[in-house]
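1. Only the shape, not the letters, is given here:
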């Protein structure tokens, strides 16, 4: 690892060479014209820094990472291959289900539900592929964080699968509520972000759609998890209650564990899957690690299995 202060020292030494005068005069000029000198120093420093990265540091990083990837592949090759095979088979199930059933084979009112389940399942497959890539590259904590999203996807999948068609319709229409909320937030901050204002026509369209949904389903539909109003009690419309409803709440300990890596709380800061107290001290883990790979893989295969099982139970007419 290089040290920035060494590059800075080299920068000042280079400036000293170009300065015609004694060391005392050079130091005095630094004090008298600090702003001017700092600007000049910054220009030379950045030039030297870019040159250092181009000529040496980038190659060092790439070589080090290539060495790690080869090492990680040698250790986990069998497990990674099985994991990739499992994901690919799951994708294949989705593809075959889509080709076999076709949306047109379902009655009109069931098409939306079937399409949503396919979308959620294929989203789960994509997340699983992301998890595979993160594990292969040595980022177990990031992989566990992505499983958190996969678990949420699995819970929603089962909620739609086990409830009637109206719930699927509500789930689809709730996207307009979420979009309007996002735009309203953006309207507050777009000037600070130096971005253009939200499109007025889009905002009006979403507002009109929200008014229609308000008249159709009532005010509760506009609240968080409003699409669950048919099967969750009013004061229990949240993800925890959704887990309980689909009987996946036994995974909550793992879900909470995954949450710590997503958020910047104390536990997530001081506890990570990739830590190894002997080989990788906490203060030095800023890159890949060969530790902590098994749990994200295990959780991923389980969540995918829950969705795939539901998908294979669908029947067209």
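-> The structure has been received and is ready for your questions. Bear in mind the structure is a predicted one, so any value in this text is a computation, not a measurement.

2. how near is residue 78 to residue 286?
-> Separation of residue 78 from residue 286 (CB to CB, to the nearest Å): 29 Å. Every C-beta, even on glycine, is put in place using the N, C-alpha and C of the backbone.

3. got it, and residue 231?
-> For residue 231 relative to residue 286 (CB to CB), the value is 45 Å.

4. These two - which one has more neighbours?
-> residue 231 (15 against 5; other CB atoms under 10 Å).

5. Checking that one next. Helix, strand or coil?
-> Secondary structure for residue 231, judged by DSSP: H, G, I helix; E, B strand; the rest coil, is coil.

6. Same question for residue 144.
-> What three-state DSSP gives for residue 144 is helix.

7. Need the pLDDT of the residue positioned nearest the centre of the chain.
-> Compute the mean C-alpha point of the chain, and by CA atoms, centre = their mean the closest residue is residue 146, 5.8 Å away. Residue 146 carries a pLDDT value of 96.

8. separation between it and residue 127?
-> Using CB to CB, residue 146 is found at 6 Å from residue 127.

9. now do residue 205
-> 30 Å.

10. Residue 223 too?
-> From residue 223 to residue 127 the distance is 27 Å (CB to CB).

11. Residue 18 now?
-> 56 Å.

12. More neighbours: which of these two?
-> Shown here are residue 18 and residue 127; by other CB under 10 Å, residue 127 has more neighbours (23 against 8).

13. and the nearest residue to that one once chain neighbours are set aside, helix, strand or coil?
-> The shortest distance from residue 127 to any non-neighbouring residue, by CB to CB, 6 or more residues apart in numbering, is to residue 150 (4.6 Å). Here residue 150 is recorded as helix under three-state DSSP.

14. and residue 150, what does it touch?
-> 124, 127-128, 131, 299-300, 303-304 (CB atoms under 8 Å, 6 or more residues apart in numbering).
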